[in-house]
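Chemist: have a look at this fold, sequence not included:
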């Protein structure tokens with residue numbers, strides 16, 4: 001390449017190249033220095049801040065990058081969102097691919113017809129001008145259809161991928177009390193709502209965009225390389241492809257921090273979102289304590305961490321954008337000028353012997369194709385930026401899948417109140433492990449045999465608990481705070497794992513609990529009484545509204561029907577009902593369950609009450625068969 005060799009020999013060009021390389025190095029280095037300075041400043045400001053969300057000491061941060069680990073996780077997720085070859089998602093992938101191919105050929109047609117129209121205008125040939133213009137008008141609806149088909153296919157893919165992944169995650173998240181275990185027994189996931197909603201959406205959108213953004217440039221590179229090879233020879237496109245490989249490797253190395261920064265961004269977003277929802281959930285308690293100033297400090301500390309990280313991300317993207325534009329766009333164009341000049345600068349080339357008009361038309365057509373090829377190569381190089389972001393979202397989604405699978409297998413991890421040497425040992429140095437106890441299902445009895453009551457943190461409440469309660473016997477459990485009253489019921493309800501011993505009890509469907517905090521579901525007044533059943537379940541069991549009225553009368557709540565507008569009234573029941581009304585509604589859950597099971601005949605004989613209390617009875621009931 002004569003132009004390129006002369007460039008290397010020219011002192012002015014060498015000096016400019018050194019300045020260009022130095023500016024890229026300085027931009028990248030300065031951005032990293034600024035990020036480190038901001039992080040140190042924030043750490044110093046919040047050094048003694050006790051409100052930092054879920055502090056985790058000695059936590060190992062997994063590096064996130066475009067590597068084998070990422071590809072393995074991505075393959076795992078692809079099997080979920082594209083379950084088989086004959087799924088609808090495969091069809092839309094094919095639609096997008098066909099649309100991309102058609103759009104590339106449409107671009108080639110537009111270049112050719114545009115060159116012909118402009119050539120006709122310059123030469124003053126009216127007949128050719130009209131003929132080419134008619135072809136242009138004729139192609140308009142087809143090109144428009146191709147563009148909108150591509151957009152439709154991409155939007156449909158995003159939605160279908162999200163639907164597949166969301167259904168998969170929720171089928172596991174709402175299985176075997178996983179939603180409870182993730183929020184109470186395991187602290188690897190601090191904000192499950194963020195992962196299940198926003199991160200899933202961003203993963204699906206980023207993957208779909210990457211598929212379309214990579215497929216089109218790859219097709220363009222193939223098609224325009226063939227066209228340019230026929231026009232100016234194979235050496236030029238080959239040199240462009242070699243530059244693509246070198247620039248891609250170079251930019252990928254520089255973009256490594258993007259994946260980890262993406263993960264950190266989502267974690268900070270989830271933390272800030274959690275802090276806001278926490279204030280909303282506990283707004284009444286905060287108002288009674290006049291704690292708004294402290295909550296403002298907590299919220300702003302959380303936001304400051306998010307703001308600092310986003311500003312660091314912006315700074316890094318600025319420096320990378322500076323380098324990306326030079327390497328993937330402007331320098332690619334520089335290479336393109338050298339490539340397209342080759343056949344025109346050589347004296348022995350056929351084009352050099354043609355007249356000015358033919359040379360101009362060939363250069364114009366080849367130049368446009370070369371511009372398209374350079375743009376395609378630039379998009380492929382820049383796609384590495386989206387690939388690193390996809391690696392971050394892939395890691396986040398894979399993380400919650402791994403945690404859910406662990407919890408469904410009975411394995412959980414949590415920051416312990418004791419160190420590893422002390423955790424899980426009682427006074428006799430007997431090691432206690434989660435899920436090491438035995439549960440025996442048997443009707444008409446609740447029996448604990450040498451069962452240790454231990455919190456998920458490893459705090460031993462009771463070393464060995466043994467008792468037996470048969471049908472017809474009521475039990476009152478009293479004691480101060482933290483002695484294990486609620487822990488007893490969490491263990492009995494299989495919310496907490498057994499750390500040893502044997503528990504004999506009826507099956508889950510034969511034990512009914514009233515939690516300490518009444519829960520109101522979303523729906524009508526009828527839904528509050530029959531929860532967790534639906535209206536269809538109620539009709540299937542031949543229950544009518546008249547039966548529900550009798551239940552309301554038992555707890556003296558029949559006035560709710562008139563006050564709230566009947567059974568079909570939909571309200572925000574957590575705010576509408578008073579604390580006493582919510583507690584009495586919770587009692588109705590039990591009565592409705594008895595009706596549902598047709599156990600009226602056995603109520604007096606088999607009913608057992610377990611009541612936990614400090615001084616005044618706050619009670620939970622259990623039905624034993």
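Modeler: Thanks, I have it. Values in this document were obtained by computation on a predicted structure and should not be read as measured data. Residues are numbered from 1 along each chain as shown.

Chemist: from residue 40, how far out is residue 465?
Modeler: 50 Å (Cβ to Cβ, to the nearest Å). Using the backbone N, CA and C atoms, a C-beta is placed for each residue, glycine as well.

Chemist: neighbour-wise, which of those two wins?
Modeler: Neighbours per residue (other Cβ atoms under 10 Å) separate residue 465 from residue 40, with residue 465 holding more: 18 against 10.

Chemist: sec struct for the more buried one, please.
Modeler: strand (DSSP: H, G, I helix; E, B strand; the rest coil).

Chemist: same deal with residue 503?
Modeler: strand.

Chemist: same question for residue 476.
Modeler: Three-state assignment for residue 476 (three-state DSSP): strand.

Chemist: what number of residues lie near it?
Modeler: Here the number of neighbours of residue 476 (other Cβ under 10 Å) works out to 11.

Chemist: the one 3 residues further on now?
Modeler: Using other Cβ under 10 Å as the criterion, residue 479 is surrounded by 12 other residues.

Chemist: so it touches residue 485, yeah?
Modeler: Yes. Distance between residue 479 and residue 485: 5.6 Å, which falls inside the contact criterion (Cβ atoms under 8 Å).

Chemist: I'd say residue 528 and residue 519 touch.
Modeler: No. Counting by Cβ under 8 Å, residue 528 sits too far from residue 519 to count as a contact (9.4 Å).

Chemist: looking at the two, which is more packed in?
Modeler: residue 528 (24 against 15).

Chemist: which strand or helix spans that one?
Modeler: Taking DSSP states H and E as the definition, residue 528 sits inside helix 525-530.

Chemist: so what touches that helix?
Modeler: Contact with helix 525-530 is made by 520-521, 534-535, 537-538, 543, 545, 548, 551-552, 560-561, 564, 566-569, 571, 573, 585, 588-589, 592, as judged by Cβ atoms under 8 Å, 6 or more residues apart in numbering.

Chemist: if you set the cut-off to 6 Å instead, what comes out?
Modeler: 520-521, 538, 548, 564, 567, 569, 573, 585, 588, 592 (Cβ atoms under 6 Å, 6 or more residues apart in numbering).

Chemist: go on, stretch 404-414?
Modeler: 172, 176, 178, 181, 185-188, 435, 456.

Chemist: ok, back up a step: what's the closest of the contacts of helix 525-530 to residue 335?
Modeler: residue 521 (63.7 Å; Cβ to Cβ).

Chemist: please name the nearest non-neighbouring residue to the most centrally placed residue in the chain.
Modeler: For the chain, the residue nearest the mean C-alpha position is residue 199 (2.0 Å; Cα atoms, centre = their mean). Once flanking residues are discounted, residue 199 sits nearest to residue 396: 4.7 Å by Cβ to Cβ, 6 or more residues apart in numbering.

Chemist: same thing with residue 201?
Modeler: Using Cβ to Cβ, 6+ apart, the closest residue to residue 201 is residue 162 (5.8 Å).

Chemist: look at the one you found and give its secondary structure.
Modeler: Residue 162 ends up helix, using three-state DSSP.

Chemist: on that earlier part again, quick one: the residue nearest to the centre of the chain from residue 534, how far?
Modeler: Taking Cβ to Cβ, one finds residue 199 at 30 Å from residue 534.

Chemist: re earlier: just send the contacts of stretch 404-414 back as CSV, with distance to residue 135 too.
Modeler: Converted to CSV, the contacts of stretch 404-414 look like this (distance: Cβ to Cβ, whole Å):
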residue, distance to residue 135
172, 56
176, 64
178, 61
181, 66
185, 69
186, 65
187, 66
188, 62
435, 73
456, 73
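
Chemist: any of the residues you listed buried? List them.
Modeler: 172, 178, 181, 185-188, 456 (16 or more other Cβ atoms under 10 Å).

Chemist: show me the helices in the stretch 351-500 of the chain, by range?
Modeler: Secondary structure of the stretch 351-500 of the chain (DSSP state H, counting those that start in this stretch): helices located at 356-408, 485-492.

Chemist: would you list the ones you listed in a markdown table and tack on mean neighbour count and mean pLDDT?
Modeler: What follows is the helices of the stretch 351-500 of the chain, written out as a markdown table (neighbours: other Cβ atoms under 10 Å; pLDDT from 0 to 100):
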| stretch | mean neighbour count | mean pLDDT |
| --- | --- | --- |
| helix 356-408 | 20 | 78 |
| helix 485-492 | 21 | 82 |
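
Chemist: a markdown table for these, including distance to residue 337?
Modeler: Below are these laid out as a markdown table (distance: least, Cβ to Cβ, whole Å):
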| stretch | distance to residue 337 |
| --- | --- |
| helix 356-408 | 8 |
| helix 485-492 | 72 |
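
Chemist: out of those helices, which is closest to residue 215?
Modeler: Closest among the helices of the stretch 351-500 of the chain, once you apply Cβ to Cβ, is helix 356-408, at 10.2 Å.

Chemist: distance from the chain centre to stretch 65-85, please.
Modeler: 14 Å (Cα atoms, centre = their mean, to the nearest Å).

Chemist: for the record, mean pLDDT for it?
Modeler: The predicted model assigns stretch 65-85 a mean pLDDT of 88.

Chemist: can you list contacts of it?
Modeler: Outside stretch 65-85, the residues that reach it (Cβ under 6 Å, 6+ apart) are 89, 161, 164-165, 168, 256, 259, 387-388, 391, 394, 398.

Chemist: which single one of these is nearest to residue 249?
Modeler: Using Cβ to Cβ, these come closest to residue 249 at residue 256, 12.0 Å.

Chemist: quick one: residue 468 and residue 449 touch, right?
Modeler: No. Residue 468 is not in contact with residue 449 according to Cβ atoms under 6 Å; the separation is 8.5 Å.

Chemist: give me the more crowded residue out of those two.
Modeler: Shown here are residue 468 and residue 449; by other Cβ under 10 Å, residue 449 has more neighbours (17 against 11).

Chemist: residues contacting that one?
Modeler: Residue 449 is in contact with 466, 501-502, counting by Cβ under 6 Å, 6+ apart.

Chemist: which parts of the stretch 51-200 of the chain are helices?
Modeler: Under DSSP H, counting those that start in this stretch, the stretch 51-200 of the chain gives helices at 68-81, 88-123, 126-173, 178-184, 192-194, 200-232.
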